[in-house]
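**Student:** sequence first, predicted coordinates after that:
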Amino acid sequence: MFFVVSSDDTPVCPVCGGTLKYRDTRPRIRKKEGGLKEYLMIRRLRCTECHRHHNELPDCLVPHKHYEAEVISGVLDGIVTSEDADSEDSPSLLTMLRWLQWLLMNLANIEGFLRNAGYRILGLGEELLFSHASLLDTIRQTHQDWLERILRIIYNSGGFLPAVPW
């Protein structure tokens, strides 16, 4: 089963700010809780300025991960565990541990990106930059779709979260 993902927005390159033009589409696996797989057709775009290629991912997907964001955030929040009867097919314990390591490895990067976006884009002031409160924890406590929100902020502002080095 294939789903086509598209957008009416004029896409902007997160690297240089140039205009992104449609190039083609490609299939992308989306794994849901319980092992159900779907294939999404996502657009690939090319920047007219820096000539880099970008995949237009919907919020339900996490860059460089096959599982949907809801499953990953459930694992990171401790809601989905390897002992759950409804998730015994997937994800595996090793995959869950990699996601937890990925979050721990990127905590400082995430905080930095969120503070940068708050200061630079939202104009929240210098007190945000030097605050000791965790912006990630605040977002996690107030929004169920916290992972989708922070990834949108990070990747749409040109940021990147590296994968776990295994």
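**Tutor:** Thanks, I have it.
**Student:** C-terminal to the longest helix along the chain, what's the next element?
**Tutor:** Of all the segments of type helix in the chain, defined by DSSP state H, the longest one is helix 93-120. Once helix 93-120 ends, the next helix or strand along the chain (criterion: DSSP states H and E) is helix 126-129.
**Student:** so where do the strands sit in this protein?
**Tutor:** 2-4, 20-31, 37-47, 53-55 (DSSP state E).
**Student:** how about those strands in CSV, adding mean neighbour count and mean pLDDT?
**Tutor:** Yep, even glycine has a C-beta here, placed from its N, CA and C like the rest. Shown next, in CSV, are the strands of the chain (neighbours: other CB atoms under 10 Å; pLDDT from 0 to 100):
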stretch, mean neighbour count, mean pLDDT
strand 2-4, 10, 56
strand 20-31, 14, 93
strand 37-47, 16, 93
strand 53-55, 14, 91
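**Student:** where in the chain is pLDDT low?
**Tutor:** Along the chain, segments meeting pLDDT under 70 span 1-7, 84-89, 165-166.
**Student:** before we move on, the earlier item: of all the strands of the chain, which one is nearest residue 117?
**Tutor:** Nearest to residue 117, of all the strands of the chain, is strand 53-55, at 18.8 Å by CB to CB.
**Student:** what packs against the closest one?
**Tutor:** Packed against strand 53-55, as judged by 3 or more CB pairs under 8 Å, 6 or more residues apart in numbering; DSSP states H and E, are the following elements: strand 20-31, strand 37-47.
**Student:** for residue 13, which of the strands of the chain is the nearest?
**Tutor:** Per CB to CB, nearest to residue 13 of the strands of the chain: strand 37-47, 4.0 Å.
**Student:** helices or strands up against the closest one?
**Tutor:** Against strand 37-47 (3+ CB pairs under 8 Å, 6+ apart) you get strand 2-4, strand 20-31, strand 53-55.
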